[in-house]
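In: dropping a prediction and its sequence here:
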Amino acid sequence: MEDRLASLNLSPIELRNMLKTVVIIMDEHFDILYVNDAALALLETGLKQIHDKKFYDFFLDDGLERSTFEDAIKNREDFSETEVQLCFKDGRCVLTDITATCFNLDDQRLMLLEIRQIDKQKKITQETQQHAQQRAARELVRGLAHEIKNPLGGIRGAAQLLEKELDNPEHKEFTQMIVDQSDRLRNLVDRLLGPNSLPQFSWVNIHAIIEKVRSVIELDVSHNIIFSRDYDVSIPELYVDPDMLQQALLNIARNSMQAMNSAKTVNAAITLKTRVERQSVIKGKRHGLCALISIIDNGPGIPRELKDTLFYPMVTTKKNGNGLGLSIAQTLTDHHDGKIDVESYPGYTEFTLYLPIRKRTDTYE
């Protein structure tokens with residue numbers, strides 16, 4: 001084995017640069033002394049620029065616990081931390097595992113950082129768990145909704161029969177109230193059950209659908225929002241239900257508009273973006289090509305306590321909201337074998353619909 005490795009004629013530097021793990025060496029003042037290629041890619045900088053900066057120059061002040069690193073290098077203590085969110089000054093955030101090793105070299109205190117990005121692995125695991133939880137929650141809601149809907153019909157019918165037997169018009173107001181409230185609850189239950197029609201698939205240009213959504217939300221004069229577009233026009237036609245996809249995007253866009261309006265966001269803006277991604281995993285299944293439709297806003301961000309239950313029915317922070325918009329958007333996206341991904345922090349929220357790009361010869365199961 002050693003002979004075979006020697007025959008490769010690779011230097012230690014070449015081997016380090018082939019690593020996918022980020023390797024950074026810095027001194028006690030956090031001046032960067034060495035980086036490998038993976039580190040340059042993570043920091044999005046060049047080798048000449050890196051040595052003029054300190055490690056913390058790349059990150060937001062709240063992106064890292066400086067005291068952890070300062071205490072470690074001061075006391076020469078190694079440490080490891082999992083699922084550390086690194087937030088860069090350019091707005092990027094990545095989820096990582098970090099290992100720090102402290103050592104001395106020529107009477108100088110140094111720290112070697114190994115950083116492994118775990119965004120994709122973590123996201124796949126979370127998506128699988130969340131999909132199972134959301135499906136279970138929807139089934140529970142559907143079961144409860146049916147149990148509520150059946151007696152509602154009986155209550156409404158009994159109120160109508162009782163109304164016919166009453167002579168006093170004032171008493172009829174009470175029976176009419178029962179009928180009205182029964183109808184209101186029935187409509188709510190129908191919305192909880194979600195779309196009850198099968199998708200009507202056809203080959204369409206997704207940008208035509210997105211433009212319809214943009215036109216609708218721009219006509220809403222109650223929100224003063226700047227819209228911009230960033231389209232990949234090379235995306236081929238997709239086999240989708242245009243009405244369902246439009247409704248899903250409308251629900252997300254309106255949710256963004258309401259969040260920014262409630263937070264009184266200054267210079268509120270929404271960007272509509274499309275891209276193509278290769279080798280996307282949706283609910284455990286790998287797709288060669290997916291179209292990505294993103295709705296990006298500069299609002300307050302999603303509260304941390306809502307992130308895991310965002311697509312559950314009846315989950316909302318709005319005073320007059322019913323928490324069904326995103327749940328319905330998720331259901332409509334599920335009809336297309338797609339998924340909705342969310343990235344959010346203060347000042348930035350991005351909802352992205354992943355839709356498999358199929359060949360004309362493919363059909364939905």
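Out: Now that the structure is in, tell me what you want to look at. Numbers count the residues shown, from 1 in each chain.

In: the stretch 201-350 of the chain: helices as residue ranges?
Out: For the stretch 201-350 of the chain, applying DSSP state H, counting those that start in this stretch gives helices covering 206-218, 242-263, 325-334.

In: of all those, which one comes closest to Pro199?
Out: Using CB to CB as the criterion, the shortest distance between Pro199 and the helices of the stretch 201-350 of the chain is 5.7 Å, found for helix 242-263. C-beta: built from backbone N, CA, C; applies to glycine.

In: what about the closest residue to Ala268 other than its chain neighbours, distance to Gln330?
Out: Once flanking residues are discounted, Ala268 sits nearest to Met260: 4.3 Å by CB to CB, 6 or more residues apart in numbering. Using CB to CB, to the nearest Å, one obtains 21 Å as the distance from Met260 to Gln330.

In: now swap in Leu47 and tell me
Out: Distance check for Leu47 against Gln330: by CB to CB, it reads 44 Å.

In: these two - which one has more neighbours?
Out: Set side by side, Leu47 and Gln330 give different neighbour counts by other CB atoms under 10 Å, the larger being at Gln330 (25 against 10).

In: neighbours of the nearest residue to that one once chain neighbours are set aside, just the number please.
Out: In this structure, Gln330 finds its nearest non-sequential neighbour in Phe311, 4.3 Å apart by CB to CB, 6+ apart. For Phe311, the tally of surrounding residues (other CB under 10 Å) stands at 23.

In: surely Phe311 meets Ile340?
Out: Yes. Under the contact definition of CB atoms under 8 Å, Phe311 touches Ile340, with a separation of 7.2 Å.

In: overlap of the contact sets of those two?
Out: Here Phe311 and Ile340 have Leu326, Ala329, Gln330 as joint contacts, going by CB atoms under 8 Å, 6 or more residues apart in numbering.

In: test my guess that the last one contacts Ile340.
Out: Yes. Counting by CB under 8 Å, Gln330 sits close enough to Ile340 to count as a contact (5.8 Å).

In: for the stretch 51-200 of the chain, which segments count as strands?
Out: Ranges of strands within the stretch 51-200 of the chain are 79-87, 93-105, 108-117, based on DSSP state E, counting those that start in this stretch.

In: tell me which of these approaches Tyr34 most closely.
Out: Ranking the strands of the stretch 51-200 of the chain by their distance to Tyr34 (criterion: CB to CB) puts strand 108-117 first, at 8.7 Å.

In: outside of the closest one itself, list whatever touches it.
Out: Counting by CB under 8 Å, 6+ apart, the neighbours of strand 108-117 from elsewhere in the structure are 20-28, 33, 39, 42, 55, 69, 72-74, 76, 86, 94-104.

In: check the gap between the closest residue to Ile357 other than its chain neighbours and Thr274 for me.
Out: Excluding the flanking residues, the one nearest Ile357 by CB to CB, 6+ apart is Leu289, at 4.1 Å. From Leu289 across to Thr274, the span is 13 Å (CB to CB).

In: between those two, point out the one with more neighbours.
Out: More neighbours sit around Thr274 than around the other of Leu289 and Thr274, counting by other CB under 10 Å; the figures are 20 against 16.

In: report the beta-bridge partners for that one.
Out: Applying DSSP bridges to Thr274 yields these beta-bridge partners: Ile293.

In: doesn't Asp297 make contact with Ala263?
Out: No. With contacts counted by CB under 8 Å, Ala263 stays clear of Asp297, the gap being 10.2 Å.

In: neighbour-wise, which of the two wins?
Out: For the pair Ala263 and Asp297, the greater number of neighbours falls to Asp297 (25 against 13), based on other CB under 10 Å.

In: got a list of what the more buried one touches?
Out: The contact partners of Asp297, by CB under 8 Å, 6+ apart, come to Ser256, Met257, Ala259, Met260, Thr265, Ala268, Ala269, Ile270, Thr271, Tyr348, Thr349.

In: that one bridge partners, please.
Out: Ile270, Thr349.

In: repeat that for Leu355.
Out: Ala291.

In: could you tell me how many residues sit around it?
Out: Burial of Leu355 is recorded as 24 neighbouring residues (other CB under 10 Å).

In: now it: how far from Ile296?
Out: Looking at Leu355 against Ile296, where the rule is CB to CB, the gap reads 17 Å.

In: return the most buried member of the strands of the stretch 51-200 of the chain.
Out: Mean neighbour count (mean count of other CB atoms under 10 Å) peaks for strand 108-117 among those, with a mean of 17.

In: my guess is Ile178 contacts Ala159. True?
Out: Yes. Assessed by CB under 8 Å, Ile178 is found in contact with Ala159 at 3.9 Å.

In: compare these two and say which one has the larger neighbour count.
Out: Neighbour count, other CB under 10 Å: between Ile178 and Ala159, Ala159 has more, with 19 against 16.

In: I figured the more buried one hits Asp180, correct?
Out: No. Taking CB under 8 Å as the definition, Ala159 is not a contact partner of Asp180, at 9.6 Å.
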